[in-house]
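>>> sequence first, then the predicted structure:
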Amino acid sequence: MRRVRIVGIGMGAEHLTAEAEAAIREVDYVIAAQKSDDDRLLEARRELCRALGVPLVAVPDPPRDRGAPADYPGAVRDWHEARAAAYEQVLAERDGDAAFLVWGDPAFYDSTIRIVEQVAERGRISFAYDVVPGVSAPQLLAARHRLVLHEVGRPVLFTTGRRLLEDVGSGHDNLVVLLDGRLACASLEPDDWQIWWGANLGTPGERLAAGCLGTALPEIRAARAVVTAEAGWVMDVYLLRRAEILTAT
């Protein structure tokens, strides 16, 4: 039976585990979404594939409403279905085993596993699929700031910028936040929180900032602008912890 491998690649070659490298070398081609004519993340995947001797098949990414649709889950569901149909077409047209290369780890705020499941459920193509883990952004954040993400005996919540204010309102006070391009944390009381932030971690242009939220926010905004200008994209993540936890532990 054909295989589809979902491979976490961290932020590229330097984070590629031996298991991930072997998985990529074993497939016949890699499938990757092309989000624009100048997709630098796609080009980074191309470079990795060239280094490992595996061809890459670029698939134009279906359009998605990235604003604030009234039915956000529905908008994402429609986008996933369109992606599944596009990937299914590639698998139908090409023989052999395929792989998807996922930034970070496929388990953290990435849709690839769900989309591959949808392709399998559609029943047009028979294949087995597996997941190879990668180095995740939260792991890199903790390492760069020399952090343990949770305090002794306390939980940590992984969430998104879209959910941050709701989660804080529910009583969460130690959060790892991903996908917060609008910096929802700026709406919190600046003196009540500590932040440890990082962007494009694991790349030559990575940036870090840490400290009291009110003090760190201007530095974070400036660093995001620099990273975007240099790399053409920005992926950032941060740990947000209520200051009173620090004094109590």
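Looks like it came in fine.
>>> skip ahead from the longest helix anywhere in the chain and say which helix or strand is next.
Criterion DSSP state H: the longest helix present in the chain is helix 72-93. As assigned by DSSP states H and E, the chain's next helix or strand after helix 72-93 is strand 98-102.
>>> what angle separates the following helix or strand past that following strand from helix 72-93?
Sequence order places helix 112-122 as the next helix or strand after strand 98-102, per DSSP H and E. Following axes from the mean of the first three to the mean of the last three Cα atoms, to 10 degrees, one obtains 60 degrees for the angle between helix 112-122 and helix 72-93.
>>> need the contact partners of the helix or strand just after helix 112-122.
Per DSSP H and E, helix 112-122 leads on to strand 127-132 as the next helix or strand towards the C-terminus. Residues from elsewhere that reach strand 127-132 (Cβ atoms under 8 Å, 6 or more residues apart in numbering): 1-8, 17, 19-20, 23, 91, 106-107, 113, 116, 120. Every C-beta, even on glycine, is put in place using the N, C-alpha and C of the backbone.
>>> are any of those buried, and which?
Neighbour counting by 16 or more other Cβ atoms under 10 Å classes 3-8, 17, 20, 23, 91, 106, 116, 120 among these as buried.
>>> mind putting these into TSV with distance to Arg77?
Below are the buried ones among the contacts of strand 127-132 laid out as TSV (distance: Cβ to Cβ, whole Å):
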residue	distance to Arg77
Arg3	26
Val4	21
Arg5	25
Ile6	19
Val7	25
Gly8	24
Thr17	32
Ala20	29
Ala23	28
Leu91	21
Pro106	19
Val116	15
Ala120	17
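>>> which one of these is nearest to Thr159?
Closest approach to Thr159 among the buried ones among the contacts of strand 127-132 (Cβ to Cβ): Pro106, at 18.2 Å.
>>> could you measure from that closest one over to Ile113?
Distance, Pro106 to Ile113, using Cβ to Cβ, to the nearest Å: 5 Å.
>>> okay, and the common contacts of the two?
Contacts common to Pro106 and Ile113, judged by Cβ under 8 Å, 6+ apart, are 6, 131.
>>> closest to Asp97 among the buried ones among the contacts of strand 127-132?
Arg3 (4.4 Å).
>>> so that closest one is in contact with Gly96, correct?
No. Taking Cβ atoms under 8 Å as the definition, Arg3 is not a contact partner of Gly96, at 9.1 Å.
>>> what sits in contact with each of those two?
Contact criterion Cβ under 8 Å, 6+ apart; residues shared by Arg3 and Gly96: Val27.
>>> pLDDT score assigned to the residue nearest to Ala44 when sequence neighbours are not counted?
In this structure, Ala44 finds its nearest non-sequential neighbour in Gly12, 6.0 Å apart by Cβ to Cβ, 6 or more residues apart in numbering. With respect to pLDDT, Gly12 has a value of 87.
>>> what's the answer for the one 10 residues further on, then?
The predicted local distance difference test score for Ala22 is 98.
>>> run a quick neighbour tally on it.
Ala22: 13 surrounding residues under other Cβ atoms under 10 Å.
>>> mind checking which helix or strand it is in?
If you go by DSSP H and E, Ala22 is part of helix 18-26.
>>> so that helix versus strand 98-102, what angle?
Going by the same axes, to 10 degrees, helix 18-26 makes 140 degrees with strand 98-102.
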